[in-house]
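[1] Take this sequence and fold it.
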Amino acid sequence: MYDVVIKAHEKDYHKLLLVINSLHYLNPQPEGIYIVSADGFRPYGTNYDEKIITIRDSEVTPFIDRNRLNHRPNWNWVNLVSILQDFTKNDLYFDVQADNFFLRQINLFDEAGRPRIYRSTANPVNNHGHAPYFTFSKEVFDIDRMSTGYSYIIEFMMYDRRILREMCGIFKDTNELLEKIYSCVNNESYPADQEIFGNLLEKSYPSAYQFVDDVTVHLQGIDGSLKVSHEWLAEYIRQVKLYRPEVSACSHHTWI
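    As a prediction, this is how the structure comes out:
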């Protein structure tokens, strides 16, 4: 069994009903759906209302102090929660961006029961490797970029907390880990949760997951001063599904 985790900002609340309903494409289905937000926001009228658990940012464990993150604190907090959280019931949890809509069936495990990890070649910058991501992962977890030409940065990822605990086991406790993180977050060094986990698997657990190449996600977005309607989003999703049959999911970002 596994859970879904969606970390939501207010700018994306109006998208969540469509995001959550699109989870019906996940195979198998999740046990719980955790929505993390500053104020405990809960969407109603989804197909999964009975599975939704809301968690306020202040209730996330372990506690990560935004005030001690010296670069883009909100964004880096979200990335750190992805790899450090211990609030889900299941050790396996599928992290989904709050503006991602699945369009077709996603098989999350292979025939042997191993989780699948997806990577993409769509973004030339990420394929080459954004240096601050890998400065952070090397300094904190001794994880290098294992190869170039692809990236683990897409809109969703299945994490295994048992593997992440082993990654964090180089520190005597959570406080020591967090102090190391706070000292390493700056303009030249900051975390990319998906790159950390993907390269960790390549380095130390290459047979624990099935690596799946070239998953295709359609990305679009608008400036934060604009807010599209539920109806507009539903039509956008329909159009992408109709005209991009190779696409597994689409996103509609709101930049602020």
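
[2] could you point out the longest helix in the chain?
    helix 230-243 (DSSP state H).

[3] hmm, which helix or strand of the protein has the shakiest average pLDDT?
    For the chain, counting by mean pLDDT, DSSP states H and E, strand 217-223 ranks last in confidence among helices and strands (a mean of 72).

[4] shaky segments in the stretch 151-256 of the chain?
    Across the stretch 151-256 of the chain, the ranges flagged by pLDDT under 70 are 221-226, 255-256.

[5] Strands along that one, start to end?
    156-160, 210-212, 217-223, 249-255 (DSSP state E, counting those that start in this stretch).

[6] so what does the longest helix of the chain touch, helix or strand wise?
    Contacting helix 230-243 under the criterion 3 or more C-beta pairs under 8 Å, 6 or more residues apart in numbering; DSSP states H and E are the following elements: helix 16-21, strand 249-255. Yep, even glycine has a C-beta here, placed from its N, CA and C like the rest.

[7] any idea where the helices of the stretch 101-250 of the chain begin and end?
    Assigned by DSSP state H, counting those that start in this stretch, the helices in the stretch 101-250 of the chain fall at 124-128, 131-141, 161-168, 174-184, 193-204, 230-243.

[8] Buried residues, the longest helix of the chain. List them.
    Buried residues in helix 230-243, counted by 16 or more other C-beta atoms under 10 Å: Leu233, Tyr236, Ile237, Val240, Lys241.

[9] any chance of the helices of the stretch 101-250 of the chain in JSON lines, with distance to Leu69 too?
    Compiled in JSON lines, the helices of the stretch 101-250 of the chain are given as follows (distance: least, C-beta to C-beta, whole Å):
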{"stretch": "helix 124-128", "distance to Leu69": "22"}
{"stretch": "helix 131-141", "distance to Leu69": "11"}
{"stretch": "helix 161-168", "distance to Leu69": "18"}
{"stretch": "helix 174-184", "distance to Leu69": "7"}
{"stretch": "helix 193-204", "distance to Leu69": "14"}
{"stretch": "helix 230-243", "distance to Leu69": "31"}
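
[10] looking at those helices, which is buried most?
    helix 193-204 (a mean of 22; mean count of other C-beta atoms under 10 Å).

[11] so how far is that one off the chain centroid?
    13 Å (C-alpha atoms, centre = their mean, to the nearest Å).

[12] In CSV, could you pull the C-alpha coordinates for it?
    Coordinates of the C-alpha atoms in helix 193-204 are reproduced here as CSV (Å, rounded to 0.1, in the frame of the first residue of the first chain):
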residue,chain,number,x,y,z
ASP,A,193,13.9,16.5,-3.7
GLN,A,194,13.4,14.4,-6.9
GLU,A,195,17.0,14.6,-8.0
ILE,A,196,18.2,13.7,-4.5
PHE,A,197,16.0,10.5,-4.4
GLY,A,198,16.6,9.5,-8.0
ASN,A,199,20.3,9.8,-7.8
LEU,A,200,20.3,8.0,-4.4
LEU,A,201,18.6,5.1,-6.0
GLU,A,202,21.1,5.0,-8.9
LYS,A,203,24.0,5.2,-6.4
SER,A,204,22.9,2.8,-3.7
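
[13] In space, what's closest to Phe109 - neighbours in sequence excluded?
    Pro115 (5.8 Å; C-beta to C-beta, 6 or more residues apart in numbering).

[14] Name all residues that make contact with the one you found.
    By C-beta atoms under 8 Å, 6 or more residues apart in numbering, the contact list for Pro115 reads Leu92, Leu108, Phe109, Met158, Asp160, Ala208, Tyr209, Gln210.

[15] and with 10 Å instead?
    2, 92, 94, 108-109, 157-160, 163, 201, 208-210 (C-beta atoms under 10 Å, 6 or more residues apart in numbering).
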